[in-house]
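A.B. asks: quick one: sequence and predicted model below, then my questions.
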Amino acid sequence: MRRKTNPIFILVAVAIGALPLFISAFYKLSGQEAMHQALTERGLGEHAILIGSLEILSVLLYALPATQTIGFFLLNAYLGGAIAVELAGDKLGDTLAPMFLLVFFWAITLYKNPTWFLPSLEEKN
């Protein structure tokens, strides 16, 4: 028996997860001073536009059902990279936001597609 998922719940959950990433990307793309300073401290100041663009691309690909798989893996790579950069810079407290978002997107994906992680749940023909 196939488990039904609530599409409204999924849409709201994806929007909640995407909002902080869109805000962060906007700050990177607009050259907001505090964001530029934080990126420069981590040695990434000159790559702000590229990082912001990849952030938006990853979220958009995840939000669209046809490209959800690639979007999920891009989000994993992006957020994992954010965690690694913060840990390398001894900014342990700054790792909490990307860690939370990473766990949040994994939870949404597990809810939407449990067979990705638990193949035993697939229907037997």
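C.D. replies: Done, it's in. Residues are numbered from 1 along each chain as shown.

A.B. asks: please report the distance of residue 24 from residue 67.
C.D. replies: As judged by CB to CB, to the nearest Å, residue 24 and residue 67 stand 21 Å apart. Any C-beta I mention is one placed from the backbone N, CA and C, and that applies to glycine too.

A.B. asks: of these two, who's got more company?
C.D. replies: residue 24 (20 against 13; other CB atoms under 10 Å).

A.B. asks: how about the more buried one, what does it touch?
C.D. replies: 35, 52, 55 (CB atoms under 8 Å, 6 or more residues apart in numbering).

A.B. asks: and if you look at residue 6?
C.D. replies: No contacts exist for residue 6 under CB under 8 Å, 6+ apart.

A.B. asks: confidence score at it?
C.D. replies: You'll see residue 6 listed with a pLDDT of 82.

A.B. asks: kindly report the same for residue 43.
C.D. replies: 89.

A.B. asks: same question for residue 87.
C.D. replies: 89.

A.B. asks: how about residues contacting the helix or strand containing it?
C.D. replies: Element membership for residue 87, per DSSP states H and E: helix 68-88. Residues from elsewhere that reach helix 68-88 (CB under 8 Å, 6+ apart): 42, 44, 54-55, 57-64, 92, 94-95, 98-99, 101-102, 105, 109, 112.

A.B. asks: for PyMOL, write the selection for the buried entries among the residues you listed.
C.D. replies: If you want just the buried ones from the contacts of helix 68-88 in PyMOL, going by 16 or more other CB atoms under 10 Å, the selection is:
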select buried, resi 54+55+58+59+61+62+94+95+98+101+102+105+109+112
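
A.B. asks: hmm, back to that, quick check: next helix or strand after the helix holding residue 87?
C.D. replies: helix 96-112.

A.B. asks: chain center to that next one: distance?
C.D. replies: Mean-position distance between helix 96-112 and its chain equals 8 Å (CA atoms, centre = their mean, to the nearest Å).
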